[in-house]
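J.: Build me a model from this:
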Amino acid sequence: MKRLLLVAALALGAPVAALAQTTTTTTTTVETTDPDYGTIQTYVTKERRESVPAPDGYTVTVGTPLPEPVPLYRLPDDVGPYEYAVVDGHTVLVDENRNIVKIID
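T.: Numbers count the residues shown, from 1 in each chain. Modelled structure (predicted):
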C-alpha cells in the first residue's frame, strides 16, 4: 500500500510536459516599381492627343485633381497604370482619382 501511495504521489508531483505551441509568421513583400516614363512618353507621343486649354484659374500642378471637363485617355496595361491628359501643352499622368501624379513634358 505504501508503494502504491508513493507511486501515486510521484505521478502527481512529476512535472507535466507542456504542450508546445508553434507560431508561424508569414511576411509578404510586394515589390512596387516606378513606371517606365520613357515608354509612357513614347506611347503618348505616338497617340498625338490634342491639347485642351486648362479651365480658367487652373494651374497644372502635381498633386492637384484634374477638372472634370478635361478628357482622360487610358494607357494600355503593359505601358503604365495611369490615365493621361494633355492640358495646356503638358502631358500629365493621373491616378484613379484624377490627381496629377506626374507631368511628363
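J.: just for the chain, where's the confidence low?
T.: 1-21, 23-33 (pLDDT under 70).
J.: give me that answer again for 80
T.: 1-34 (pLDDT under 80).
J.: show me where it has strands.
T.: 73-74, 83-87, 90-94, 100-103 (DSSP state E).
J.: elements contacting the first one?
T.: Meaning strand 73-74. Under the contact definition 3 or more CB pairs under 8 Å, 6 or more residues apart in numbering; DSSP states H and E, strand 73-74 sits against strand 83-87. Bear in mind the C-beta positions are built from the backbone N, C-alpha and C, glycine included.
J.: Could I get the CA-only coordinates of the strand it packs on as PDB?
T.: Extracted in PDB, the C-alpha atoms of strand 83-87 (Å, rounded to 0.1, in the frame of the first residue of the first chain):
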ATOM      1  CA  GLU A  83      -4.600  57.600 -67.400                       C
ATOM      2  CA  TYR A  84      -3.300  60.700 -69.100                       C
ATOM      3  CA  ALA A  85      -4.400  64.000 -70.500                       C
ATOM      4  CA  VAL A  86      -2.800  66.800 -72.500                       C
ATOM      5  CA  VAL A  87      -3.600  70.200 -70.900                       C
END
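J.: For that strand, give me every contacting residue.
T.: Here strand 83-87 makes contact (CB atoms under 8 Å, 6 or more residues apart in numbering) with 40, 44, 49-54, 60, 66, 70-75, 91-94, 104.
J.: Pretty sure Asn97 sits against Thr64.
T.: No: the pair Asn97 / Thr64 is not scored as a contact, 11.1 Å apart, by CB atoms under 8 Å.
J.: more neighbours, the two?
T.: Thr64 (14 against 8; other CB atoms under 10 Å).
J.: how deep is the closest residue to the more buried one other than its chain neighbours tucked in, by neighbour count?
T.: Closest residue to Thr64 apart from its sequence neighbours, by CB to CB, 6 or more residues apart in numbering: Ile100 at 5.7 Å. Using other CB under 10 Å, Ile100 has 21 neighbouring residues.
J.: which ones are touching the residue lying closest to Asp36 once chain neighbours are set aside?
T.: Nearest non-adjacent residue to Asp36, counting by CB to CB, 6+ apart: Gly80, 7.5 Å away. The contact partners of Gly80, taken as CB under 8 Å, 6+ apart, are Pro35, Asp36, Thr39, Ile40, Tyr43, Leu93.
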